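[1] kindly return the folded structure for what I paste below:
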Amino acid sequence: MADVVDSTTRSRMMSGIRGRNTKPEILIRSLLHRHGFRFRLHVRDLPGKPDIVLPRYHAVVFVHGCFWHGHDCPLFKWPGTRPDFWREKLGRNQANDKRAKEALLANGWRVGIVWECALRGAGKNIEGVAQSLADWLRSDAPLIEVRE
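    Below is the predicted model:
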């Protein structure tokens, strides 16, 4: 299937997609702050440069977009154009995510992953996501994954 826009327009559109300060990430930060948690952002010294780092709880939170991290949910759909490129790209992203998570856990960090599908769409319990994260941060559990 051919692209519906020319390559210059597509390039401009793709360059507008950012990896930091996305709407889901800002929402999670706002919810955590409202629950009284204080944090640092995008710490480069840690594997995977976590979106949110809570040093007091020795915990990190990644906010993953379902497309860019190849999540198996209704928000993810394989692109029709350049399938080989996208399979390699998303496979590489998933491998990087796994490597970062394992390295953080091995170094004693607790890892939380919030998927975009838990936050988007009608009828989503946003406050429930925030409460799950807050409960996890106050516990000793090493890992939480919040998904649809």
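
[2] what residues of stretch 97-104 count as buried?
    Counting neighbours by 16 or more other C-beta atoms under 10 Å, one finds that the buried residues in stretch 97-104 are 97, 100, 101, 104. C-betas here are computed from N, CA, C, even on glycine.

[3] try stretch 124-137
    129, 130, 132, 133, 134, 136, 137.

[4] what's the mean pLDDT across it?
    Average pLDDT, stretch 124-137: 95.

[5] rewinding a little: Serialize the buried residues of stretch 97-104 to CSV and add fields for distance to residue 146.
    Converted to CSV, the buried residues of stretch 97-104 look like this (distance: C-beta to C-beta, whole Å):
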residue, distance to residue 146
97, 15
100, 17
101, 14
104, 17
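
[6] of those residues, just say which sits nearest to residue 60.
    Checking these against residue 60 by C-beta to C-beta gives residue 104 as the nearest, at 6.1 Å.

[7] just the CA atoms of stretch 128-145, as CSV, please.
    C-alpha atoms of stretch 128-145 as CSV (Å, rounded to 0.1, in the frame of the first residue of the first chain):
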residue,chain,number,x,y,z
GLY,A,128,-7.0,3.4,39.3
VAL,A,129,-3.7,3.5,37.4
ALA,A,130,-2.4,6.2,39.7
GLN,A,131,-3.5,4.2,42.8
SER,A,132,-1.8,1.0,41.4
LEU,A,133,1.4,2.9,41.0
ALA,A,134,1.2,4.6,44.4
ASP,A,135,0.5,1.2,46.1
TRP,A,136,3.4,-0.4,44.2
LEU,A,137,5.8,2.4,45.2
ARG,A,138,4.9,2.0,48.9
SER,A,139,5.4,-1.8,48.7
ASP,A,140,8.5,-3.8,48.2
ALA,A,141,7.5,-5.4,44.9
PRO,A,142,10.3,-5.2,42.4
LEU,A,143,8.1,-4.9,39.3
ILE,A,144,4.7,-3.6,38.1
GLU,A,145,3.2,-3.5,34.6
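
[8] that's all I had, so thanks and see you.
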